[in-house]
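Engineer: Quick one: sequence plus predicted model below, questions after.
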Amino acid sequence: MGSRLPAFIRQRGLLTGIRMYWHFKSGSRAPIRLPFLKHPVYFRKGGDAKIFEQLFIDREYDIDVPFTPSTIIDLGANVGYASILFANRFASARIFALEPEAGNNTQAVKNTRPYPNIRMVQGAIWHEPAPINLVDKGLGEAAYMVEPGEGEHMINAYTIPGIMQEMDTDIIDILKIDIEGAEKELFEHNFSYWLPRTRILIVETHDRYRKGTSHAVFGALSQYNFSLTLSGENLVLYNEDLL
């Protein structure tokens with residue numbers, strides 16, 4: 001957190017900003033209640049506070065949405081903060097959240113349980129529906145990766161078309177992708193169905209983890225009519241044919 005009290009106050013007002021800052025500064029792990037969230041938020045020691053800060057202080061997902069979304073998919077949900085943000089902003093939207101790592105998923109279930117419009121699922125996203133290996137390369141709780149082939153931690157893999165089918169929709173209003181390098185394969189294979197049916201795409205590329213991710217993402221996007229803005233570490237893309 002460093003000495004970011006001015007940023008907390010600037011983004012969330014004097015009283016809420018001070019309250020949030022000292023809650024994290026003190027090292028408290030008690031749930032925190034915030035006026036812009038319907039329910040308290042839980043977090044663990046480690047990377048949860050950083051992710052909380054990115055989403056609720058730096059507000060990286062507070063993007064312009066020029067319509068009322070009804071279907072949101074959160075890939076790489078971690079502990080559920082992005083889904084919580086969307087659920088509070090878009091109360092009528094159905095949200096499918098996917099997180100591969102068991103500890104993160106348990107925390108996400110705890111955080112999202114009060115929101116009936118969030119469906120929290122443990123699993124990984126991939127370009128084909130086959131079991132996939134979850135790998136911990138020592139980069140922290142927010143950086144678990146998936147790799148094809150057999151391994152020690154095999155988990156279920158979902159595809160975006162499969163999730164769309166489960167949600168009974170042929171349009172994704174908001175698709176958030178933060179999957180630690182697996183976006184390379186996702187945007188290299190089998191994207192011609194779901195990508196042109198996505199209205200807003202929020203994606204973070206991870207070339208530092210897997211070379212070629214940005215090339216794959218922009219190569220796929222170049223085939224469609226998306227416009228680009230930036231928000232923090234994320235690319236925010238609007239499908240001009242669906243807006």
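Structural biologist: Nice, I can see it.
Engineer: how does the chain divide up, domain by domain?
Structural biologist: For the chain, automatic domain parsing gives the domain ranges 1-59, 61-239.
Engineer: Export those domains to TSV and append columns for mean pLDDT and mean neighbour count.
Structural biologist: Quick note: C-beta positions are derived from backbone N, CA and C, even for glycine. Listed next are the domains of the chain as TSV, based on pLDDT from 0 to 100; neighbours: other C-beta atoms under 10 Å:
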stretch	mean pLDDT	mean neighbour count
domain 1-59	77	15
domain 61-239	93	18
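Engineer: Please verify my assumption that L175 contacts T198.
Structural biologist: Yes. Applying C-beta atoms under 8 Å, one finds L175 in contact with T198, separated by 4.8 Å.
Engineer: the helices in this protein, which residues?
Structural biologist: Using DSSP state H, the helices of the chain run over 5-12, 14-25, 48-52, 81-89, 102-112, 160-167, 183-186, 213-221.
Engineer: who's in contact with G149?
Structural biologist: G149 sits next to N133 when contact means C-beta atoms under 8 Å, 6 or more residues apart in numbering.
Engineer: how close does the closest residue to N190 other than its chain neighbours sit to L201?
Structural biologist: Leaving aside its chain neighbours, N190 sits nearest to H127 (4.9 Å; criterion: C-beta to C-beta, 6 or more residues apart in numbering). H127 sits 16 Å away from L201, going by C-beta to C-beta, to the nearest Å.
Engineer: From F96, how far off is V121?
Structural biologist: In terms of C-beta to C-beta, V121 sits 7 Å off from F96.
Engineer: Just the CA atoms of stretch 114-129, as PDB, please.
Structural biologist: In PDB, the C-alpha atoms belonging to stretch 114-129 read as follows (Å, rounded to 0.1, in the frame of the first residue of the first chain):
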ATOM      1  CA  PRO A 114     -24.300 -12.900  -1.000                       C
ATOM      2  CA  TYR A 115     -24.800 -12.000  -4.700                       C
ATOM      3  CA  PRO A 116     -27.300 -14.400  -6.300                       C
ATOM      4  CA  ASN A 117     -26.500 -13.100  -9.800                       C
ATOM      5  CA  ILE A 118     -22.900 -14.400  -9.600                       C
ATOM      6  CA  ARG A 119     -22.200 -18.000 -10.400                       C
ATOM      7  CA  MET A 120     -18.700 -18.900  -9.100                       C
ATOM      8  CA  VAL A 121     -17.100 -21.900 -10.700                       C
ATOM      9  CA  GLN A 122     -13.700 -23.500 -10.200                       C
ATOM     10  CA  GLY A 123     -12.000 -24.200 -13.500                       C
ATOM     11  CA  ALA A 124      -9.700 -22.800 -16.200                       C
ATOM     12  CA  ILE A 125     -10.500 -21.300 -19.500                       C
ATOM     13  CA  TRP A 126      -9.000 -22.900 -22.600                       C
ATOM     14  CA  HIS A 127      -9.600 -23.100 -26.300                       C
ATOM     15  CA  GLU A 128     -10.900 -26.700 -26.000                       C
ATOM     16  CA  PRO A 129     -12.800 -28.500 -23.300                       C
END
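Engineer: Can you list the residue ranges for strands in this protein?
Structural biologist: In the chain, the strands defined using DSSP state E lie at 71-75, 94-99, 118-122, 124-125, 132-135, 145-147, 154-155, 157-158, 172-177, 198-203, 226-231, 234-239.
Engineer: For the second one, give me every contacting residue.
Structural biologist: The one in question is strand 94-99. With contacts defined as C-beta under 8 Å, 6+ apart, strand 94-99 is touched by 70-80, 82-83, 86-87, 105, 108, 112, 115, 117-125, 158, 163, 166-167.
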